[in-house]
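# What follows is a predicted structure for the sequence shown.
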Amino acid sequence: EAGVAQSPRYKIIEKRQSVAFWCNPISGHATLYWYQQILGQGPKLLIQFQNNGVVDDSQLPKDRFSAERLKGVDSTLKIQPAKLEDSAVYLCASTLLGTHAGRGYTFGSGTRLTVV
Amino acid sequence: AQSVTQPDIHITVSEGASLELRCNYSYGATPYLFWYVQSPGQGLQLLLKYFSGDTLVQGIKGFEAEFKRSQSSFNLRKPSVHWSDAAEYFCAVGARGGGADGLTFGKGTHLIIQP
């Protein structure tokens, strides 16, 4: 089965610019997650979707970050405007509906964002 | 709120020696527990997971971990490391039940293998 696809792989932008990341989960996976991994730290959950609805966005900086999952398949994460501290790897993960965390996720390779 | 502590930032082990990476968690009940490995420039790969039953779980690449409820620990072990095991290792905890079940990760342990 194909894995979780993310693009772009790398992105360099100037502060105050906007950027968008795309994720296509494994076919049939209803639950999708976005994580932010700052260098030297573990991933931090930003948002969780189930189908096209938001389950948890408590750690999403909503003044600058937004995410959507139209039609319950692929998802876009946007940052506008970007700050230097947003430099990180943005990871997307997906899992089957109803299996929750106990089954484990499949992670994509991530998008590495550098804000200069 | 749940949390994970990995007390060792770096660990250096000689090739062929045994390995133990420590993980302590904080959670109100019995959580789901995971170990992931991340090689440079790569995504996260699941090594093993615990959610019920036998407290000693076997994973891929010869790794195992033991859940100790009394110590709130889930330490990762391998009897003999290989140079290819050099990577970043993350312990994670997940909530049981439905709804919000995103993982909380530790800060990771960087494993260095000496020849």
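Thanks, I have the structure now. Numbering: from 1, shown residues only, chains lettered A, B, ... in the order given.

# Verify the contact between A:K11 and A:T114 for me.
Yes. In this structure, A:K11 sits in contact with A:T114. The criterion is CB atoms under 8 Å, and the distance is 7.2 Å. All C-beta atoms are positioned from the backbone trio N, CA, C, and that covers glycine.

# Between these two, tell me which one has more neighbours.
A:K11 (16 against 13; other CB atoms under 10 Å in any protein chain shown).

# CA atoms only: put the strand or helix carrying that one into PDB for me.
Under the criterion DSSP states H and E, the helix or strand holding A:K11 is strand A:10-13. Listed next in PDB are the C-alpha coordinates belonging to strand A:10-13 (Å, rounded to 0.1, in the frame of the first residue of the first chain):
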ATOM      1  CA  TYR A  10      11.600  21.400   1.500                       C
ATOM      2  CA  LYS A  11      10.500  25.000   1.600                       C
ATOM      3  CA  ILE A  12      12.500  28.200   2.400                       C
ATOM      4  CA  ILE A  13      10.600  31.400   2.900                       C
END
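
# For that strand, the averaged confidence score.
Computed over strand A:10-13, the mean pLDDT rounds to 98.

# So A:W22 versus A:I79, what's the distance?
13 Å (CB to CB, to the nearest Å).

# quick one, which of those two is more surrounded?
It is A:I79, of A:W22 and A:I79, that has more neighbours when counted by other CB under 10 Å, with 22 against 14.

# got the residues of chain A near chain B?
Taking CB under 8 Å from any CB of the partner chain as the criterion, the neighbours of chain B within chain A are A:33, A:35, A:40-45, A:48, A:55-56, A:58, A:91, A:93, A:100-102, A:104-105, A:107-110.

# Narrow the residues you listed to those that are buried.
Using 16 or more other CB atoms under 10 Å in any protein chain shown as the burial test, the residues of chain A next to chain B include A:33, A:35, A:42-45, A:48, A:55-56, A:91, A:93, A:100-102, A:104-105, A:107-110 as buried.
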